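1. whatever this is, show me its structure:
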Amino acid sequence: MVTNVVNQSNHDLRSGWLNGLVGVVIFSGSLPATRIAVQEMDPFFLTFIRASIAGLLAIMLILFFREKRPTRNQLFSLIVVSLGVVIGFPLLTAMALQHVTSSHSIVFLGLLPMATAIFGVIRGGERPKLAFWIFSAIGSVLVMGFALSQDIAISATGDLLMLASVVVCGLGYAEGARISRELGGWQVICWALIISLPLMLLATIETMPDDIGVISLQGWIALGYVSLFSMLIGFIFWYRGLVAGGIAAVGQLQLLQPFFGLGLSATLLSEKVSPLMIAVTLGVILCVMGSRKFAH
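-> As a prediction, this is how the structure comes out:
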């Protein structure tokens, strides 16, 4: 009996990390795609229309699977998730990317795992060991140090917007994972999208540009990615991973997101990949492995 419990626990942890990794890979395309989209769309319109598209898909999923409505007590958590990851993070990053490059925004993504872990302690009741925080801090410093070592222009406005986006996103991740234990991962992001949908639809209509027809195919593809993958599919894997593997532990996989993102930026935006990036990536992987070992 004890062996079966241990094996099940190990299986859950492996499943959590695998799902979390898939989520991180999907999210890695968000900033490059957003950077492409905001070159042709107003950041407010982009935020509202991507949430509207994802929200309409969420309604179809909820109706198809005949999911029960969340309780009144669960609504508060869903509103927090909605404000954090449906509205707050997409809007703040879209606004920031008008002032900074997608590469510079990676400086702040290095703080996201730490923010998620802190909110995992506050909202999720997790208690990682001291060694976990050390590995997490080293990983964050590596990511931020690498990004700051690049030839980038600094914008105070862009930096403040990215810092705010990290805080609200970390809260949204942790709160979403906490309530996913009761509702399920994909149900949480669907209900969060549905809660914000009426406001998002009205805002989309209000901010729709008169010259929407001149948006290029590349712009529409970028919008499709952030709507379908960044706002919906990525969260299905991400929340499932946070629940199974732990908010603080699996959240450290976000340390790898900047490097996946830089790889995409190199492909889509012609940004250079240096040997230093590869070396730092290896160091970050070691930090993720170390934080995983001491997370529980």
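2. and residue 195, how many neighbours does it have?
-> Residues lying near residue 195 (other C-beta atoms under 10 Å) number 20. (Glycine included, C-beta is placed from N, CA and C.)
3. which neighbouring elements make contact with the host helix or strand of it?
-> According to DSSP states H and E, residue 195 maps onto helix 185-207. Helices and strands touching helix 185-207, by 3 or more C-beta pairs under 8 Å, 6 or more residues apart in numbering; DSSP states H and E, are helix 43-64, helix 72-81, helix 156-183, helix 234-245.
4. report the buried residues of that helix.
-> Going by neighbour count (16 or more other C-beta atoms under 10 Å), the buried part of helix 185-207 is 185-197, 200-201, 203-204, 207.
5. same question for stretch 165-180.
-> Those would be 165-180, for stretch 165-180 by 16+ other C-beta under 10 Å.
6. ok, residues contacting stretch 197-213?
-> 41-42, 44-45, 48-49, 51-52, 55-56, 58-59, 86-87 (C-beta atoms under 8 Å, 6 or more residues apart in numbering).
7. out of the residues you listed, which are buried?
-> Applying 16+ other C-beta under 10 Å to the contacts of stretch 197-213 flags 41-42, 45, 48-49, 51-52, 55, 58, 86-87 as buried.
8. that older thread, which one of the contacts of stretch 197-213 is nearest to residue 18?
-> Relative to residue 18, the closest of these is residue 58; by C-beta to C-beta it sits at 23.9 Å.
9. got any ranges where the stretch 151-296 of the chain has weak pLDDT?
-> Across the stretch 151-296 of the chain, the ranges flagged by pLDDT under 70 are 151-154, 265, 268-274, 277-278, 296.
10. for residue 3, give me the pLDDT.
-> Note on residue 3: pLDDT of 54.
11. assign residue 12 to helix, strand or coil.
-> Classification of residue 12 by DSSP: H, G, I helix; E, B strand; the rest coil places it in helix.
12. quick check: closest non-adjacent residue to it.
-> residue 244 (4.7 Å; C-beta to C-beta, 6 or more residues apart in numbering).
13. so residue 105 touches residue 31, yeah?
-> Yes - judged on C-beta atoms under 8 Å, residue 105 makes contact with residue 31 at a distance of 5.5 Å.
14. what's the overlap in contacts for these two?
-> Contacts common to residue 105 and residue 31, judged by C-beta under 8 Å, 6+ apart, are 93, 97.
15. quick one, what contacts the nearest residue to residue 100 once chain neighbours are set aside?
-> Closest residue to residue 100 apart from its sequence neighbours, by C-beta to C-beta, 6+ apart: residue 158 at 3.6 Å. Counting by C-beta under 8 Å, 6+ apart, residue 158 makes contact with 96-100, 104-105.
16. quick check on those residues: which are buried?
-> 96-97, 99-100, 104-105.
17. make a markdown table from the helices and strands packed on helix 185-207 and add distance to residue 213 to it.
-> A markdown table is the format used below for the helices and strands packed on helix 185-207 (distance: least, C-beta to C-beta, whole Å):
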| stretch | distance to residue 213 |
| --- | --- |
| helix 43-64 | 14 |
| helix 72-81 | 34 |
| helix 156-183 | 29 |
| helix 234-245 | 29 |
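18. residue 19: which of these is closest?
-> Within those, the stretch nearest residue 19 is helix 234-245; the backing value is 3.6 Å (C-beta to C-beta).
19. contacts made by that closest one with the rest, please.
-> Under the criterion C-beta under 8 Å, 6+ apart, residues 12-13, 15-24, 26-27, 30, 85, 173-174, 176-177, 180-181, 185-186, 188-189, 250-251, 253 lie in contact with helix 234-245.
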